[in-house]
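Visitor: The amino acid sequence is not available; the structure is as follows:
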């Protein structure tokens, strides 16, 4: 039986943060990256990730706009969205439809627990 690792799309403009997230998540998940909001939306449509991690402050479309568009689209609304940002914007993230909100920096364990909890919930919700 093959175990395919869940794909996580990380929308993050900062190369340092992309490296940190890569080191934190690469042994558990497949990773894809987008450096701006428009690219993140394109990537979601192209590769159907199991979960999306969004920085609030993205070029082209900010994280809130990306989240709203994902949650408004029946094809992508089931995908859990985690905001991982320096911005104190938990209320805005919730209004955009985010499934979780974490402030940077976050302990590796907290990030992994949040991701795993959302992946468990979303797979249960899809009956698979």
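Guide: In hand now; what should we look at? All values reported here derive from a predicted model rather than from experimental measurement. Numbering: from 1, shown residues only.
Visitor: Wait, residue 86 touches residue 63, no?
Guide: No - the criterion here is C-beta atoms under 8 Å, and residue 86 misses it with residue 63 at 11.4 Å. Where you see a C-beta, it was placed from the backbone N, CA and C, and this is true even at glycine.
Visitor: Mutual contacts of those two, please.
Guide: Applying C-beta atoms under 8 Å, 6 or more residues apart in numbering, one finds that residue 86 and residue 63 are jointly contacted by residue 57.
Visitor: neighbour count winner among the two?
Guide: The neighbour comparison of residue 86 against residue 63 (other C-beta atoms under 10 Å) goes to residue 63, with 28 against 13.
Visitor: and the more buried one, what is it in contact with?
Guide: Residues near residue 63 by C-beta under 8 Å, 6+ apart: 11, 37, 54-57, 83, 85, 93, 96.
Visitor: and the gap between it and residue 79?
Guide: The spacing between residue 63 and residue 79, counted by C-beta to C-beta, to the nearest Å, is 14 Å.
Visitor: try residue 73
Guide: 9 Å.
Visitor: Would you mind telling me which of the two has more residues around it?
Guide: Higher neighbour count among residue 73 and residue 79: residue 79, with 19 against 14, using other C-beta under 10 Å.
Visitor: On the three-state scheme, that one is what?
Guide: Three-state secondary structure (criterion: DSSP: H, G, I helix; E, B strand; the rest coil) places residue 79 in coil.
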